[in-house]
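[1] Make a model of this:
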Amino acid sequence: MEPESLKVLPLHKHPEYLRACCEMINEEWPRSETARMMSLQASCNELPTSLILVANTKSLLGHCKLTAIPSIPESCFVETVVISRAMRGKKLGTYLMRRVEEYCKSVLNLKMIHLSTKGQENFYVKLGYKVCAPISIYGVRLLSHSYSSAVSIKLDNPVAINPITQTVPGAFPPPPPPMPKILKNTDNTIKSNKTYMFKYL
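    Next up, the predicted model:
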């Protein structure tokens with residue numbers, strides 16, 4: 001397939017591919033059509049973003065979904081990468097990932113990409129990805145700026161709080177929580193059957 005006939009497009013700007021995209025992803029990772037469509041329809045100019053690989057702007061060849069990593073705002077997580085089964089083995093996955101990296105750098109202004117894989121480590125190593133510790137895509141993204149306005153609450157009967165101890169006079173603090181029980185032979189590492197990888201852009 002000639003590269004000039006290939007394009008990587010944001011799915012939210014081309015909703016005519018939603019149904020085909022849902023079917024292609026569900027062929028690889030079955031899920032309810034409603035849940036999959038809701039996930040795909042969440043694509044936007046920020047994150048999450050779904051990018052699609054099309055040929056001659058007619059046939060859908062691949063998909064990649066990017067989501068935010070709350071603890072690493074300068075990176076995103078590649079949630080899914082899939083090429084149509086009939087088109088595998090033609091270097092389309094490499095082409096898609098290169099365009100995804102360009103999009104992350106130039107449009108989303110990111111500095112890194114993270115992903116997890118099971119069985120495709122060599123593919124990502126060839127693209128320059130390195131193994132890293134597991135990361136979580138859950139949580140709340142912290143804002144990079146602070147708000148100067150404070151919330152004030154007016155009380156009918158204000159109580160004086162000691163400014164040094166931050167307690168109400170005459171009140172006793174609650175007892176400390178019990179010490180955690182230490183289990184013998186515990187391993188504190190995160191268990192995962194996937195390999196986590198990252199790349200600087």
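[2] State the pLDDT value of M179.
    Looking at M179, its pLDDT is 71.
[3] Please disregard the earlier target; I meant S192.
    70.
[4] same deal with G62?
    Listed pLDDT for G62 reads 97.
[5] how close does it get to E16?
    Distance, G62 to E16, using C-beta to C-beta, to the nearest Å: 16 Å. No exception for glycine: its C-beta is placed from N, CA and C like everyone else's.
[6] The two - which one has more neighbours?
    Higher neighbour count among G62 and E16: G62, with 26 against 9, using other C-beta atoms under 10 Å.
[7] who's in contact with the nearest residue to the more buried one once chain neighbours are set aside?
    What sits nearest to G62 in space, not counting adjacent residues and going by C-beta to C-beta, 6 or more residues apart in numbering, is L53, at 3.6 Å. By C-beta atoms under 8 Å, 6 or more residues apart in numbering, the contact set of L53 is 6-8, 60-64, 83, 92, 95-96, 99.
[8] Can you flag which of those residues belong to helices?
    The helices in this structure, assigned by DSSP state H, contain 92, 95-96, 99 from the contacts of L53.
[9] Specify which member of these is nearest to P180.
    L96 (46.3 Å; C-beta to C-beta).
[10] quick one on the thing from earlier: which one of the contacts of L53 is nearest to T195?
    Nearest member of those to T195, counting by C-beta to C-beta, is C64, at 18.0 Å.
[11] hang on, the closest one packs against S50?
    Yes: with contact defined as C-beta atoms under 8 Å, C64 reaches S50; the gap is 7.2 Å.
[12] so S5 touches A55, yeah?
    Yes: assessed by C-beta under 8 Å, S5 is found in contact with A55 at 5.3 Å.
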